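K.L.:
Structure, please.
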Amino acid sequence: MAKRYLQQKEYRILHTNWTCHWGEIDIVAVKDNQITFFEVKTRKKEVLETISHGKLKRLFRSAQIYLKKYGYGFSQFQVDFIGITTEDGRLIHFENVLEVRL
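P.N.:
I've put the predicted structure just below:
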């Protein structure tokens, strides 16, 4: 559902469930030359939750490894959160939960 939503928003999906030793990045996508790393959470009823400092740190490190591995160098990137509620099919998208400029 998240992939379909992003494709409708004209994101180009590069990877899903990409892993490294720091953790997993749910979706990596590009739009308007901006690379975005998506954390996706699915819950039955309510999906609004915080992303812990530890999770953000792992996402940041994983993103750095991803950028280096795929030749993006010191690119600007951001981390977005997508929450999906399965009970009613609602999707919420929070942008720039962690924005980084290197």
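K.L.:
for the record, mean pLDDT for stretch 15-31?
P.N.:
The average pLDDT within stretch 15-31 is 95.
K.L.:
Sort out which residues of it are buried, please.
P.N.:
For stretch 15-31, the neighbour count (16 or more other Cβ atoms under 10 Å) marks 18, 22, 25, 26, 27, 28, 29 as buried. In short, each C-beta sits where N, CA and C put it, glycine included.
K.L.:
Could you identify the most distant pair in the residues you listed?
P.N.:
Largest separation among the buried residues of stretch 15-31 by Cβ to Cβ: 22 and 29, giving 19.1 Å.
K.L.:
ok so, going back, mind checking which of the buried residues of stretch 15-31 are in strands?
P.N.:
Within these, residues falling in strands by DSSP state E are 18, 25, 26, 27, 28, 29.
K.L.:
In TSV, list the residues you listed along with distance to residue 80.
P.N.:
Shown next, in TSV, are those (distance: Cβ to Cβ, whole Å):
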residue	distance to residue 80
18	15
25	11
26	10
27	9
28	11
29	9
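K.L.:
follow-up on the earlier one: I'd like the buried residues of stretch 15-31 as TSV, with distance to residue 83 appended.
P.N.:
Putting those into TSV (distance: Cβ to Cβ, whole Å) gives the following:
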residue	distance to residue 83
18	20
22	22
25	16
26	12
27	13
28	18
29	17
